[in-house]
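1. Predicted structure and sequence below. I'll ask about it afterward.
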Amino acid sequence: MNEQSTPTSAERVEKLQGLGSSRKRVEDVRFTQGKGNYVDDIKLPGMLFGDFVRSPYGHARVKKIDAEAALAAPGVLAVITAEDLKPLNLHYMPTLAGDVQAVLADEKVLFQNQEVAFVVAEDRYAAADGVELVEVEYEGLPVVVDAFKAMDDDAPVLREDLEGKTEGAHGPRKHHNHIFHWEVGDQAGTEKALEEADVVVEELITYPRSHPSPIETCGCVASMDKVNGKLTIWGTFQAPHAVRTVASLITNIAEHNIRIVSPDIGGGFGNKVGVYPGYICAAVASIVTGQPVKWIEDKIENLTATAFARDYHMTGKIGATKDGRITALSCNVLADHGAFDACADPTKFPAGFFSICTGSYDIPIAYAGVDGVYTNKAPGGVAYRCSFRVTEAAYMIERMVDVLARKLDMDPAELRTKNLIKKEQFPYTSALGWEYDSGDYQTAMTKALETVGYTALREEQAANRKAFEAGETRSLMGIGVAFFTEIVGAGPVKNCDILGLGMFDSCEIRIHPTGSAIARLGTISQGQGHATTFAQILASEIGIPAEDITIEEGDTDTAPYGLGTYGSRSTPVAGAATAMAGRKIRAKAQMIAAYLLEVHDNDLEWDIDRFQVKGNPERSKTMKEIAFASYNQAIPGLEPGLEAVSYYDPPNMTYPYGAYICVLDVDVDTGVIDVRRFYALDDCGTRINPMIIEGQVHGGLTEALAISMGQEITYDETGNVHGGSLLDFFLPTAVETPVWETDHTETPSPHHPIGAKGVGESPNVGGVPAFSNAVNDAFAHFGLTHTGMPHDHWRVWKTAQGLGLTG
Amino acid sequence: MIPGAFDYHRPKTVDEAVGLLSSLGDDATVVAGGHSLIPMMKLRMAVPEHLVDLQDLDDLKGISVSGTAVTLGAMVTQNELIASNALAQACPIIRETALQIADPQIRYVGTVGGNVANGDPGNDMPGLMLALDAAYELVGPDGTREVRARDFYDAAFFTARSDGEILTAIKISAPPAGHGWSYMKQKRKIGDYATAAAAVVLTMDGATCAIASIGLTNVADTALFAEAASAALTGSDLGDAAIAEAVAAAKAITNPAQDGRGPAEFRTHVCGMMVQRAVARAAERAA
Amino acid sequence: MAKIHVKMTVNGREVEGLAEPRTLLIHFLREDLGITGPHIGCDTSHCGACTVDLDGKSVKSCTVFVGQAEGADVTTIEGIAAADGTLHPLQEAFREHHGLQCGFCTPGMITRAHRLLQENPNPSDAEIRMGISGNLCRCTGYQNIVKAIRVAADEINSAREAAE
């Protein structure tokens, strides 16, 4: 028997490299050779360069802009200001949150480093020289940098452009610096339940202002082809189609005359979802000059002007019975949105999905209210490696559960286990209205605790505490437990849209005559490996090896409409579209196979990569044979070719979850923390590519380490921003980063075609509270209930000092 | 981040370099590794019209160790300091300190001369040179002179070097064989300046500390020689009381700024911890 | 400020050009020579995305003026593979062990690792971590990068032993 001619089923599955395969990434061939194509690699004939004059003030009136000297400098071609944009009605642009944002400062500046003028020059050196030579006269104004003082009676008016506007995009505004009030749940009922609870704990939990800070900053190349009337913008866009629609709406250029292309993107993490003044200015400059214009921000501009994250002040209150059953949760949030409300949330959710804040627990009644305020800080409010405001919610509930555990003198893992939603309760509707799709939380928690040897760790900690008391060590051991539930995959069109665009996603597949294929999607990879994993989904659906499937994204002229990649939505939404489009291909393939085999459709069954006659598997047609037939056979009742498109409107979000445990040691004399061990168990439903999942978890945990241990963008009382360069803004190196232990359970999503839930953001959402809980835990026996992030050396030391441990 | 325009000069000899500095005057700046200067130029906080690159000055290269006499050419890189076994033999604290500066790439180009000469209180080598009582050789239009490190630092970025002079070499009389040493630096991450750091060198005579010397990094507007702290250890048994006295004396002379590493109080505290730990480590290592 | 004539060897090829003295090496490579493998990340010498090999040293080319590299021998990621196109074991190992995601830091990271292994052919994990501590990665958490470098080191060492 010739073994080569009849591969086994296992060999055929192996050849597909489909679902569950740790397939090597196709992207890496170019990236490892320096042949990626990122936006700053684009060089067009006659390309000019734009650079911003930025405000040194946090709040000031712009009295005068003198561009004379700049225009006289060699290579400088134009200096664009708000006055130039006004006739085009482009001095403000709509934000994704229903506000407007100044493209260039309109008579006043509202945050330090705000864009004031755009210098266009022959190259980046000349542009920078031009920026130095633009003279701007300012008159300083009092600043608001403390969100808690933004709505004081005598607080300065920040947004004069909104004067008299008492109705905002999300309801009434009660103060000139108020943006919105948003609430969900039963406030009166929750208050009553809290009053009746045996035990109530309350804590102000602040999630400091941070920044996604991908290594590649934001940028674009805009090119107006005046002959064809077509504007093409290559840029760092996590949502290229949305950018095209927004660009069309604000420029009045017909949408078919705008092409948005996302080339390779050097990390996004939420930073590249929004529309920034640089994009608009580059486009305007190209329209004005008729030449392509490149704008690339530098890292300081990136950290201080585009896309902050977090800045949530959350007052949580939990009620519970004496034996640790949680009976109610309320949370009031003061959200600092900076100078313009540019949050990249689904439009109807000004606080994103913060109402996932009941977490993984079966809490009978709850309330969440969020007030957004303007301050003299950079705009943004992006979902930094998390679904919209989910990491804030997870941090709040996971800290609060620990606070409750201290109050009850219960072990935090035990308290969690007691309150976790039970397997048989799924699908579970939370008190704040979300329908959790699936989960087996108890199994995950048990596996995590057993794997790390939780009981032994607590014993070791008890010994450490004794040794500390006895003066034998100056190091305190902390154990942090977090059990998080994410809500990702926005989302169902019935309630999720961005500026009216429903948050479906799409996939279009063409099978070529020789049995290879191309699939185009509305998403865009920024390192997630879509070209690898979407081909795997398709390989399993249509029986064509992944290596024979090209995945293409990011060009709005060719890709089907989609809402892009952020909020872990690619796998839940576009991944589902891919599977559904694949199934359409397979349905037609079945008809072709039936014709070729001269049997009825129903007599065929699918087997890995072919249709075979039921009960007679020797009679079969492989997908490759079917593909060729679709192009060369005239099949009655069937159109030639083999193509399909699917626009997938998900019926629900997906709810990945996980149990994370962190063990660390705190040097009380220096505040230095050594992360000894970090275990992460993730359940992201069906696992498409375990290698990539593990990589995503490693990366997300490292970002969680960065956020919890050091990242912070602050403003001083005069409105100067601090932490705006990589000297101060903490991006851990390989030395500060510990070794990560990963693990998993697999509970498929019942409503997703392949059961996948998404994973990229889970480790950030769960990692941050695990780290923070561990630091707090190290001091818990001294009566500490809560010390906030970032847990940098001096704050940790200050905590120790406050507890009298440093003397 | 684009620097302003300048003219570039690459002299072949020290005389030529000194001549250039004389003729170009205030508008000229020397560049060695450039990793302090170039970022400042990219921020346009430094805008020299002339840049005089010292990389071809062979006289400024090389490490010489002869008994306890150590001479470091100003253009010796941190990486070369680390790689030199002769240096590690004679004066191991130099390697220990260099390893804690910046990151591998920067250590390939960052020079010991640049590190001590530019007067940045965040640099690590000045504190060490204060502890080692090093001398700096300066060459200018009026010839060559030597200035003790302990007389060199006036204020942040202000030193005894005049604009027309080039720091050409660092001369160290290494402590005797068997001495103890430690450079303890607390920082937030690789690449960061110290929250506080301490260089400790000591020589034991039996159970008694014969000589101790302590330098401090980034806790004032210059690196500091902790004279009283050094004196507190000298002649002591390095017992808890002596160390406590040294720590208190070191902390007393600090005056750090508040920055992203923490408020002054914390940085002073860390300085004390670094002194305490460096003394303990040095004592362990002393023969 | 007159332009200067610069000459250097890049990836084994002699190149020359006229440049303003203030031109940064990274811009000379990327804009004048079209060598876009090394990237610009932070501009302040912290991230290492612009790392190239200059006369046998890993340097951050965003913090080197073109004149400083006059006469130098420069290797970028484009010069790491063999002349016949065979990928270097580091390039293979980064792919095999998922040592990259968005790919932006990768050219600098591999170029740095390449130099590290020439200086220390058999590094421990701790030495690898210290050796790449001038290169930031936001995607991978470094774990698979460390693994890839270790595997590449083993492969290079076994190939060398086999050849000897």
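-> Perfect, I can see it now.

2. The helix or strand A:Val775 falls within packs against which elements?
-> In this structure, A:Val775 is located in helix A:762-779 according to DSSP states H and E. Using 3 or more Cβ pairs under 8 Å, 6 or more residues apart in numbering or on different chains; DSSP states H and E as the contact criterion, the elements in contact with helix A:762-779 are helix A:390-408, strand A:475-485, strand A:657-667, strand A:673-683, helix A:690-709, helix A:793-802. In short, each C-beta sits where N, CA and C put it, glycine included.

3. how about 6 Å then?
-> helix A:390-408, strand A:475-485, strand A:657-667, helix A:690-709 (3 or more Cβ pairs under 6 Å, 6 or more residues apart in numbering or on different chains; DSSP states H and E).

4. burial count for the closest residue to chain B within chain A?
-> As assessed by Cβ to the nearest Cβ, chain B sits closest to A:Trp794 within chain A, at 3.0 Å. Number of residues near A:Trp794 (other Cβ atoms under 10 Å in any protein chain shown) recorded here: 22.

5. That one - nearest residue in space that isn't next to it in sequence?
-> Once flanking residues are discounted, A:Trp794 sits nearest to B:Gly262: 3.0 Å by Cβ to Cβ, 6 or more residues apart in numbering or on different chains.

6. Now do that neighbour against chain C, distance only.
-> In this structure, B:Gly262 lies at 20 Å from chain C, with Cβ to the nearest Cβ, to the nearest Å as the measure.

7. ok, that residue - how many residues close by?
-> By the other Cβ under 10 Å criterion, the neighbourhood of B:Gly262 contains 23 residues.

8. follow-up on the earlier one: redo the helices and strands packed on helix A:762-779 as JSON lines? Include distance to chain B and mean neighbour count.
-> Supplementary listing: these in JSON lines, determined by distance: least, Cβ to the nearest Cβ, whole Å; neighbours: other Cβ atoms under 10 Å in any protein chain shown:
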{"stretch": "helix A:390-408", "distance to chain B": "22", "mean neighbour count": "26"}
{"stretch": "strand A:475-485", "distance to chain B": "13", "mean neighbour count": "27"}
{"stretch": "strand A:657-667", "distance to chain B": "9", "mean neighbour count": "26"}
{"stretch": "helix A:690-709", "distance to chain B": "9", "mean neighbour count": "26"}
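
9. Which of these sits closest to B:Glu137?
-> strand A:657-667 (40.7 Å; Cβ to Cβ).

10. For the closest one, which strands pair with it and how are they oriented?
-> Here strand A:657-667 has these sheet partners by DSSP bridges: strand A:475-485 (antiparallel), strand A:673-683 (antiparallel).

11. gap between the first one and the chain center?
-> On the basis of Cα atoms, centre = their mean, to the nearest Å, the separation between the geometric centre of strand A:475-485 and that of its chain is 24 Å.

12. Could I get the average pLDDT for that strand?
-> Averaged across strand A:475-485, pLDDT comes to 98.

13. Can you name the element that comes right after it?
-> Beyond strand A:475-485 in the direction of the C-terminus, DSSP H and E gives the next helix or strand as strand A:497-498.

14. quick check: mean pLDDT across the longest helix along chain A?
-> Among all segments of chain A classified by DSSP state H, the helix with the greatest residue count is helix A:576-597. Averaged over helix A:576-597, pLDDT sits at 97.
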